[in-house]
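J.: Pasting a predicted model and its sequence here:
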Amino acid sequence: MLKIFFALSLIFVLSNSCQKRDLQATIDEVILSQQDTQTEEVLSDVDLIVDEAVTQNATLLKAGTTGSSPYLTSCAIITLNTKVSPQVLTIDFGTSCTGNDGKVRSGKIIVTSVAFNSFPSVRNKTFDTYIVDGKKIEGTVTKTIQKDNVNNIRTATIQEDITINLPNNEGTAHRVANLTRQYLLNSLGVQDDNQVKTFGTVEFTRVTGIKVTKTVTSGNPLVYSASCHHMISGVVSITTSTGHIWSVDFGNGECDNMAILTINGKSKEITIR
């Protein structure tokens, strides 16, 4: 009976090859959306971690650690070398450091800038064996920051050339981005309620070699919440080198791990991680 069941199942699958291809396309798009979103969240985390480290070292003259922040705990050692130009800020997570967000990091984030506390400020980020929850990040991020003191908003233009080594032997992906990020520092001195709005274009080459172009408009930007460490709103439009087109909608502000993927007018809820 079991053999008959498998035979019938095989006949059904073969007679519905178009549906199978559609299903595989959907699976690929879900996986790609998950990988890209996880990368976006990791890099948003890096941004906020660096901001937190700079805030802790407001005088830029001492090392600092903390146990009461969205990210950094006492196992993250922050140092600043002011005797060189540009100055070098290093955040060292050692071999294993669990942050207040529950993520496990190792390695270093290294940031250089002529001036961290004057604006416009240009910061260049590199990584030394930096791994977060099994994802190894390599490459460079250049960020130019302008500050609006009246509205307590900082706006940055960002260029990324990043390689992501995914965990569980999933392979390596490459990301090149030109973005604008707005940092909404909602309550002075309270970092948990900070948000990051991001829009622009990203080219993401996944492990299979398929190239993806992602577009986020300024009218419907991605919003990343420091308090829950997830995208909470915004829409991403995606096209691939194989001709697939779809979108991912992160909702209207609720802090969850879900998004809505829409392909050819059909939508389904997906889990980001």
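T.: Cool, the structure landed.

J.: Spell out the secondary structure type for residue 249.
T.: strand (DSSP: H, G, I helix; E, B strand; the rest coil).

J.: Can you give me the neighbour number for residue 78?
T.: 22 (other CB atoms under 10 Å). Every C-beta, even on glycine, is put in place using the N, C-alpha and C of the backbone.

J.: Hmm, residue 181 and residue 197 touching each other?
T.: Yes - Residue 197 lies in contact with residue 181 (CB atoms under 8 Å); the separation is 6.8 Å.

J.: quick one: which of those two has more around it?
T.: Taking neighbours as other CB under 10 Å, residue 197 and residue 181 compare with residue 181 leading, 22 against 19.

J.: What residues does that one make contact with?
T.: Each residue near residue 181 by CB atoms under 8 Å, 6 or more residues apart in numbering is listed here: 47, 155, 156, 158, 196, 197, 198.

J.: that's a strand at the last one, yeah?
T.: I take that to be residue 198. Yes - looking at residue 198 with three-state DSSP, it is inside a strand.

J.: For beta bridges, what are the partners of it?
T.: Residues in a beta bridge with residue 198, per DSSP bridges, are residue 181, residue 222.

J.: what's residue 81 in contact with, if anything?
T.: Residues near residue 81 by CB under 8 Å, 6+ apart: 87, 88, 90.

J.: which among those end up buried?
T.: 87, 90 (16 or more other CB atoms under 10 Å).

J.: now the contacts of residue 81 as a markdown table including distance to residue 210 and secondary structure?
T.: Formatted as a markdown table, the contacts of residue 81 follow (distance: CB to CB, whole Å; DSSP: H, G, I helix; E, B strand; the rest coil):
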| residue | distance to residue 210 | secondary structure |
| --- | --- | --- |
| 87 | 40 | strand |
| 88 | 37 | strand |
| 90 | 36 | strand |
